[in-house]
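K.L.:
Show me the folded form of this:
(2 chains)
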Number of protein chains: 2
Amino acid sequence: MSLMEFEMIAHYFTRPSQRQDVVQGIGDDCALLRVPAGMELAVTIDTLVGGVHFLQDANPYAIGWKSLAVSLSDLAAMGAEPAWATLALTLPEASTSWLAAFSRGLFDLADQYGLALVGGNTSRGPLSITVQAHGFVPQGTALCRRGAAVGDLIYVTGTLGDAAVGLDLCLGHEPASVAPTARDYLLTRLNQPEPRVAVGLALRGIASSAIDLSDGLVADLGHVLLASGVGATVDLARIPRSAALKGLIIPWEKVVGGGDDYELCFTVPPNRQGQLEAALHDVGCAYTPIGVIVSRNGLEWCDATGQAVVIAATGYRHFP
Amino acid sequence: MSLMEFEMIAHYFTRPSQRQDVVQGIGDDCALLRVPAGMELAVTIDTLVGGVHFLQDANPYAIGWKSLAVSLSDLAAMGAEPAWATLALTLPEASTSWLAAFSRGLFDLADQYGLALVGGNTSRGPLSITVQAHGFVPQGTALCRRGAAVGDLIYVTGTLGDAAVGLDLCLGHEPASVAPTARDYLLTRLNQPEPRVAVGLALRGIASSAIDLSDGLVADLGHVLLASGVGATVDLARIPRSAALKGLIIPWEKVVGGGDDYELCFTVPPNRQGQLEAALHDVGCAYTPIGVIVSRNGLEWCDATGQAVVIAATGYRHFP
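P.N.:
Now for the predicted structure:
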């Protein structure tokens, strides 16, 4: 890109930081940052590719929002407090209207958490957005995948499957008879997920494991089971579904196998149920027990009567 | 990509870390890292796009090497000690031979600095590699762009222009009569740059400003001058050129305007020349004074007789 184009792009992303821990933000070879004493730094990097993770003509405000949201969701799953982000943006051309909307979406979400954009890079090429998010967690208190133990209850926040059905709507695979309000709700769930940061923070010291649902419950709970060396039984009748979804005929495979929900899935020992209720009482996010950790490896499903149900979904799995 | 493809890709990048400061590496929602007390964290993110920053059929070993080298060069320019990296890899397909060579190139360079790959993400899409590098610098000692003062001498490490001519060779714009050994040298300079990490570390407390030459001397020294509110006079006859380049007829515009050299450009106050010589004596990297910082804004060039010379190059400029 030309010098002028790069300066124009930088204009949309350079803002003075209010954070004391940012010694040097955008504008030098590196950002210089201070991690508070006693804190571990949690970092996560994610890429959204045009035509793969979103449609090429998707709303740039939503792309900006979601490109940060998916990384904040990873911080939430570790129980980390968001602090900083970096952005590597690859664009086929420098469109001012696209950049204005994209940066607004990204900063609207960043501002909810007082997060500073501290570094970036722009290249010309096929549309692709990589965000690394950085957060703090007191030493030794991070929520990891490997802590689930036999007897722990399994919970999910919010409702599952909304984003997968929202994607069907985007792609024109309309389920029969979607009301306009339900349609709007499902598309918002797909395009502007709300990372469950407050839930993750509240779960420190309570949850024995946690993960965010980016690839679907089947795949993501599967990661927890593998890392913890345990299995699980999940009651399909307890899987929380939105009012919008309950009005439609959606196969279970889509609800528990579809990605992009960005809810949290976590496990809690039975003797910490009271602590859990107290900690999440004021967070304002629904959470539902859906099953239990068992010693027999693998993920089994049952219906309301306890009968085993076969689910064919495998979800999507990314590196790592 | 399929589950199997992602597992296959993860295989190439997951290695046990020897670093005590990596609490959790690849394998959870986030990496968990500890920054030593008294250290600031330096971070930098860079993207290499296939067909833009390298030819689509380029040697994957060199792509792996260079994708980390460009970020380590930014750490070098801040005087930061490399510690960790994350990798976001977008691939059109999962080729085992490509991945094996790419990861070998990346780790061969990482191992030179004891750097750990602590997180990653893989997507399907047009070939693109984003690396974020993380390093440590004692609080308040980072080499920034804004510290150049009138009277400071301007230095560059190594030789300039090799990578720009190497790119011409790659693209088939052969300068006349390039000997095979010169050709090999120039292509290696383009494809496997050596980040000047040891120089950057040695310059802490001595250099008043520093930047790495990713976009060419004109553009990068220009950043230093702008950030420092000063100007410079540079003597073209002092610009260090390799033996390979001296044997060719290359316009000055390419030597001082071409990118990808990944040498350092830094300024040193006149009263620290002795310290500089002592600090770089054992580093094993050539460095050359090329000019002086002046109060009049702008970058002026002169020849060996002191006559002003006009250079048309502007270099490339990226965000930030």
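K.L.:
Give me the next element, helix or strand, following the longest helix that chain A contains.
P.N.:
In chain A, with assignment by DSSP state H, the single longest helix is helix A:60-78. Using DSSP states H and E, the next helix or strand after helix A:60-78 towards the C-terminus is strand A:81-91.
K.L.:
Briefly note if the helix or strand that that next one is followed by comes near chain B.
P.N.:
Helices and strands here follow DSSP H and E; after strand A:81-91, the next one along the chain is helix A:96-112. No: contact of helix A:96-112 with chain B (C-beta under 8 Å from any C-beta of the partner chain) is absent, the minimum separation being 10.5 Å. In short, each C-beta sits where N, CA and C put it, glycine included.
K.L.:
Export helix A:96-112 to PDB, keeping only CA atoms.
P.N.:
Extracted C-alpha coordinates of helix A:96-112, given in PDB (Å, rounded to 0.1, in the frame of the first residue of the first chain):
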ATOM      1  CA  THR A  96     -12.400   4.600   4.500                       C
ATOM      2  CA  SER A  97     -16.000   3.600   5.100                       C
ATOM      3  CA  TRP A  98     -15.000   0.000   5.800                       C
ATOM      4  CA  LEU A  99     -12.100   1.100   8.100                       C
ATOM      5  CA  ALA A 100     -14.300   3.600  10.000                       C
ATOM      6  CA  ALA A 101     -17.000   1.000  10.700                       C
ATOM      7  CA  PHE A 102     -14.500  -1.800  11.500                       C
ATOM      8  CA  SER A 103     -12.600   0.200  14.000                       C
ATOM      9  CA  ARG A 104     -15.800   1.500  15.600                       C
ATOM     10  CA  GLY A 105     -17.000  -2.100  16.100                       C
ATOM     11  CA  LEU A 106     -13.600  -3.100  17.600                       C
ATOM     12  CA  PHE A 107     -13.300  -0.100  19.900                       C
ATOM     13  CA  ASP A 108     -17.000  -0.300  21.000                       C
ATOM     14  CA  LEU A 109     -16.200  -3.700  22.500                       C
ATOM     15  CA  ALA A 110     -12.700  -2.800  23.700                       C
ATOM     16  CA  ASP A 111     -14.100   0.200  25.600                       C
ATOM     17  CA  GLN A 112     -16.500  -2.100  27.500                       C
END
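K.L.:
And for residue A:283, the neighbour number?
P.N.:
17 (other C-beta atoms under 10 Å in any protein chain shown).
K.L.:
who's in contact with it?
P.N.:
A:198-199, A:202 (C-beta atoms under 8 Å, 6 or more residues apart in numbering or on different chains).
K.L.:
Could you list the low-pLDDT ranges of chain A?
P.N.:
Filtered on pLDDT under 70, chain A yields the residue ranges A:1-6, A:175-176, A:313-320.
K.L.:
tell me the domain ranges of it?
P.N.:
Per the record, chain A has its domains at A:3-138, A:145-309, by automatic domain parsing.
K.L.:
Convert the C-alpha atoms of stretch A:13-32 to PDB, please.
P.N.:
Provided in PDB are the C-alpha atoms of stretch A:13-32 (Å, rounded to 0.1, in the frame of the first residue of the first chain):
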ATOM      1  CA  PHE A  13      -6.500   2.800  15.100                       C
ATOM      2  CA  THR A  14      -4.300   5.200  17.000                       C
ATOM      3  CA  ARG A  15      -5.900   6.600  20.100                       C
ATOM      4  CA  PRO A  16      -4.400   7.900  23.400                       C
ATOM      5  CA  SER A  17      -4.400   5.200  26.000                       C
ATOM      6  CA  GLN A  18      -5.800   5.800  29.500                       C
ATOM      7  CA  ARG A  19      -4.000   2.800  30.900                       C
ATOM      8  CA  GLN A  20      -1.000   3.300  33.200                       C
ATOM      9  CA  ASP A  21       0.400  -0.100  32.300                       C
ATOM     10  CA  VAL A  22       0.900   1.000  28.700                       C
ATOM     11  CA  VAL A  23       4.400   2.600  28.600                       C
ATOM     12  CA  GLN A  24       4.500   2.800  24.800                       C
ATOM     13  CA  GLY A  25       1.500   2.100  22.600                       C
ATOM     14  CA  ILE A  26       1.300   2.200  18.800                       C
ATOM     15  CA  GLY A  27       4.100   4.200  17.200                       C
ATOM     16  CA  ASP A  28       7.400   2.400  17.900                       C
ATOM     17  CA  ASP A  29       9.000  -0.900  16.900                       C
ATOM     18  CA  CYS A  30       7.300  -2.600  19.800                       C
ATOM     19  CA  ALA A  31       4.700  -1.700  22.400                       C
ATOM     20  CA  LEU A  32       6.100  -1.600  26.000                       C
END
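K.L.:
Would you mark the buried spots in that stretch?
P.N.:
Within stretch A:13-32, the residues that qualify as buried are A:13-14, A:17, A:21-26, A:28-32, counting by 16 or more other C-beta atoms under 10 Å in any protein chain shown.
K.L.:
Restricting to these, which residues neighbour chain B?
P.N.:
A:13-14, A:23-24, A:26, A:28-32.
K.L.:
what's the longest helix of chain A packed up against?
P.N.:
strand A:39-49, strand A:81-91, helix A:96-112, strand A:128-138, helix A:180-191, helix A:197-203, strand A:209-212 (3 or more C-beta pairs under 8 Å, 6 or more residues apart in numbering or on different chains; DSSP states H and E).
K.L.:
mind exporting it as PDB, just the C-alpha atoms?
P.N.:
As requested, the backbone C-alpha atoms of helix A:60-78 are provided in PDB (Å, rounded to 0.1, in the frame of the first residue of the first chain):
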ATOM      1  CA  PRO A  60     -17.600  -4.300   8.900                       C
ATOM      2  CA  TYR A  61     -18.800  -3.000  12.300                       C
ATOM      3  CA  ALA A  62     -19.700  -6.600  13.200                       C
ATOM      4  CA  ILE A  63     -16.400  -7.900  11.800                       C
ATOM      5  CA  GLY A  64     -14.500  -5.500  14.000                       C
ATOM      6  CA  TRP A  65     -16.500  -6.400  17.100                       C
ATOM      7  CA  LYS A  66     -16.300 -10.200  16.500                       C
ATOM      8  CA  SER A  67     -12.500 -10.200  15.700                       C
ATOM      9  CA  LEU A  68     -11.900  -8.900  19.300                       C
ATOM     10  CA  ALA A  69     -14.800 -10.800  20.800                       C
ATOM     11  CA  VAL A  70     -13.400 -14.300  19.900                       C
ATOM     12  CA  SER A  71     -10.100 -13.400  21.700                       C
ATOM     13  CA  LEU A  72     -11.900 -11.900  24.700                       C
ATOM     14  CA  SER A  73     -13.900 -15.100  25.000                       C
ATOM     15  CA  ASP A  74     -10.600 -17.000  25.400                       C
ATOM     16  CA  LEU A  75      -9.500 -14.700  28.100                       C
ATOM     17  CA  ALA A  76     -12.900 -15.200  29.800                       C
ATOM     18  CA  ALA A  77     -12.400 -19.000  29.700                       C
ATOM     19  CA  MET A  78      -9.200 -18.600  31.600                       C
END
